[in-house]
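In: would you be able to build a 3D model of this:
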Amino acid sequence: MKGCNLCPRHCNIDRAVHQGICRARDYIRIASVVIHKGEEPPLVQGAGSGAIFFSGCPMRCEYCQNKEISHNNFGIPVETDQLAHYMIKLQRLGCSNINLVSPTHYTPWIIESLLQAREMGLDLPIIVNSSGYELVSTMQKWYEHAHIYLIDLKYGDNWAGRALSKVSDYWDIARRIISHVWEEVGPLEVDKQGRAIKGLIIRHLLLPDMLSNPFAVLEFIADISLNIPISIMSQYNPKYYTGDIENMKRPISKHEYQVVLDKATSLGFKTIYTQEIDSAGEYFPDFHASRPFGDYINLLIT
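Out: Here you go, the predicted structure:
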C-alpha cells in the first residue's frame, strides 16, 4: 500500500503516511457490525444480513445518509483476525450472509480476514456491497472470495457524478464494472429457502427531478440482461444534502417514483424490488431503512 490504486481515484499514495480521498489508512476501520433486516428480501432470510460497515469512501456524495462514516471516517480500527471473529459471530447469530458495505479501499485486508474466517468455520455467502465506482483490477480480487454483488448504479451520465459525488467519470466506470461483474457471476441465484447465494443485484436511488437520469440507467441494464434484479429505491432524504442544486432540496414525489417503476416494467425486467413512499414524500417505510450506527456498535463490537 505504498502507492494505493485500489479505486478509480488513483491516489497513488503511501497509506502508512497519508490518507487518500477515501480517508483510509493502512489498516481496517469499521463503523458498525449489525444484523441488518432492511436489505432486499433474498438477502435477509433467517435472522437477517450480517452487515459490516467500513469507514471512509472513495466517493463524496453530497446527499449521503451516512456522512459520519463515509466522509468523517467515524469508526474504530480492527486487526484482520478481529474482523474474522465478527464474521463468525454474525454467522452464529443466524445471519444468512456477510454483507461488506463499502469495502473497496480495504480490499486486501478484508480478503485476509475472510481467509482467516473460513479457517474458523465461516461458510456463509459474502456480499460485496459497492457504490459502483470500482476498478476491474480490484473487483477481480473478490471473485475467489465473494459470491453476491450488490452494486449501485447511481447515475445515468457523468454530469450527475461530477455535480453530486465529485467524480468526473462515474457513468463510464460503473458501466464497465457492472458489465464485468455480470460476465463473471451472472444473475442472482437463491436456495430453497429463498436466500441469495450467488449473483448480481443492481440498485438505483431515484433523485428529485430525475437528476440521476434513471431512464438511461434502466436502459443500460436492460441491454445487458432483463434477468438482472433491479432495486429502485425511494429513500432519498433532502435533509442530508449539502449542495446548492435547488431541486435536490426536496424529497422525490410519488409520481416521479411511479414513472420510473413504469419504465422498468415496460422494459421487461423479471425482478424489480421497490420501496414504499407516501404521497408527500416525507417518510419512506422501506427495506433499506437507515438506522443510527451508535445503537449497534455496543451490540456487536466488543
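In: tally of neighbours for residue 5?
Out: Counted by other CB atoms under 10 Å, the residues lying close to residue 5 total 15. Heads up, the C-betas are built off the backbone N, CA and C, glycines and all.
In: for it, give its distance to residue 13.
Out: To residue 13, residue 5 is 9 Å away according to CB to CB, to the nearest Å.
In: what do you get for residue 77?
Out: Residue 77 sits 18 Å away from residue 13 when distances are taken as CB to CB.
In: ok, residues contacting whichever strand or helix holds residue 112?
Out: Element membership of residue 112, judged by DSSP states H and E, is helix 107-119. Applying CB atoms under 8 Å, 6 or more residues apart in numbering, the external contacts of helix 107-119 come out as 1, 6, 27-28, 54, 80-81, 83-85, 87-88, 100, 103, 122, 126, 138, 141-142, 145.
In: average pLDDT for that helix, rounded please.
Out: For helix 107-119, mean pLDDT is 98.
In: buried by neighbour count: which residues of it qualify?
Out: If you call a residue buried by 16 or more other CB atoms under 10 Å, then helix 107-119 has these buried ones: 107, 109-114, 116-117.
In: tell me which of those is nearest to residue 38?
Out: Set against residue 38, the nearest of the buried residues of helix 107-119 by CB to CB is residue 110 (22.3 Å).
In: re earlier: and the buried residues of helix 107-119 as JSON lines, adding distance to residue 19?
Out: Listed next are the buried residues of helix 107-119 as JSON lines, based on distance: CB to CB, whole Å:
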{"residue": "107", "distance to residue 19": "17"}
{"residue": "109", "distance to residue 19": "16"}
{"residue": "110", "distance to residue 19": "18"}
{"residue": "111", "distance to residue 19": "21"}
{"residue": "112", "distance to residue 19": "21"}
{"residue": "113", "distance to residue 19": "21"}
{"residue": "114", "distance to residue 19": "25"}
{"residue": "116", "distance to residue 19": "26"}
{"residue": "117", "distance to residue 19": "27"}
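In: now, which of the residues you listed sits nearest residue 96?
Out: Proximity of those to residue 96 was ranked by CB to CB; the top entry is residue 117 with 15.7 Å.
In: from residue 31, how far out is the closest one?
Out: 19 Å.
In: what's the longest helix in the chain?
Out: helix 170-185 (DSSP state H).
In: ok, residue 64 - how many residues close by?
Out: Applying other CB under 10 Å, we find 18 residues neighbouring residue 64.
In: shared neighbours of residue 5 and residue 13, anything?
Out: By CB under 8 Å, 6+ apart, no residue touches both residue 5 and residue 13.
In: now residue 207. Nearest residue, chain neighbours left out?
Out: Using CB to CB, 6 or more residues apart in numbering and skipping the chain neighbours, the partner closest in space to residue 207 is residue 236 (5.7 Å).
In: show me what the longest helix of the chain is packed up against.
Out: On a contact count with 3 or more CB pairs under 8 Å, 6 or more residues apart in numbering; DSSP states H and E, helix 170-185 meets helix 136-142, strand 148-152, helix 158-165, strand 196-205, helix 214-224.
In: strands of the chain, start to end?
Out: All strands of the chain, identified by DSSP state E, fall at 28-36, 49-54, 76-78, 98-101, 126-130, 148-152, 189-190, 196-205, 230-233, 272-273.
In: if any of the contacts of helix 107-119 are buried, give me the ChimeraX selection for them.
Out: Remark: buried members of the contacts of helix 107-119, expressed as a ChimeraX selection using 16+ other CB under 10 Å:
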select :1,6,28,54,80,83,84,87,88,100,103,122,126,138,142,145
